[in-house]
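Colleague: no FASTA, just this:
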Ligand SMILES: [Zn+2]
């Protein structure tokens, strides 16, 4: 067998299959040793091996490139959808942050504002920018199950309306009139309120 191998190498160099195996690292130890011995003295076979290795490298690079190109497509969303999802997620985060901020904002208890009739020399006062609960003077009025309050500004424009005891939102500085109505809508009294800066 040894003689046969030697003869073959001397006559026809290393065959292509052996070069291929060697370039892929699939040669047995014995075959590798034999081939390396021949390569040491044969430039033609060295050139063939170089070509094989270059070809293998090119194939590996191409395979890696194809894997890299195909793998993302199989589990990544197309960029258009990914962008829309990211935008939606960002919107949710912004809304949640807003709700959080709104919920964490300290809410001062409303100020209780006692209203006296216009017959009094001075109107009630309240600071601007505070929520209020208006407490109209109901003395000498027939007892009713409920009252309606209407708040108008100096020009008579309605700025708020609600049940007596309801919380009035903060008002800008100015003079206001609060009208007390019966549940049937009858005007019972009018009070003055000055909201001060
Ligand atoms: Zn050779």
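Modeller: Nice, thanks for sending it over. In this text, all values refer to a predicted model and were calculated from it rather than measured experimentally.

Colleague: which of the residues in the lengthiest strand in the chain are buried?
Modeller: Secondary structure assigned by DSSP state E gives strand 187-196 as the longest strand of the chain. Buried positions in strand 187-196, judged by neighbour count with 16 or more other Cβ atoms under 10 Å: 189, 191, 192, 193, 195. Where C-beta positions appear, they are placed from N, C-alpha and C, glycine not excepted.

Colleague: List, one by one, the residues from the protein near the ion.
Modeller: 13, 42, 45 (Cβ under 5 Å from the ion).

Colleague: Using the three-state scheme, assign residue 139.
Modeller: With DSSP: H, G, I helix; E, B strand; the rest coil as the basis, the three-state label of residue 139 is coil.

Colleague: Next one: it from residue 115, what distance?
Modeller: Residue 139 is 12 Å from residue 115, where distance means Cβ to Cβ, to the nearest Å.

Colleague: neighbour count winner among these two?
Modeller: Taking other Cβ atoms under 10 Å, residue 139 and residue 115 do not tie; residue 115 has more neighbours (23 against 7).

Colleague: Bridged to the more buried one, which residues?
Modeller: Partner residues in beta bridges with residue 115, using DSSP bridges, are residue 136.

Colleague: Quick check on the residue nearest to residue 193 when sequence neighbours are not counted: phi, psi?
Modeller: Distances taken as Cβ to Cβ, 6 or more residues apart in numbering put residue 176 closest to residue 193, at 4.6 Å, once the chain neighbours are dropped. With angles defined as degrees, to the nearest 10, residue 176 sits at phi -130, psi 160.

Colleague: just to revisit the earlier point, tell me which of the residues of the chain next to the ion fall in helices.
Modeller: residue 45 (DSSP state H).

Colleague: top of the residues of the chain next to the ion by neighbour count?
Modeller: Most crowded among the residues of the chain next to the ion, counting by other Cβ under 10 Å, is residue 45 at 20 neighbours.
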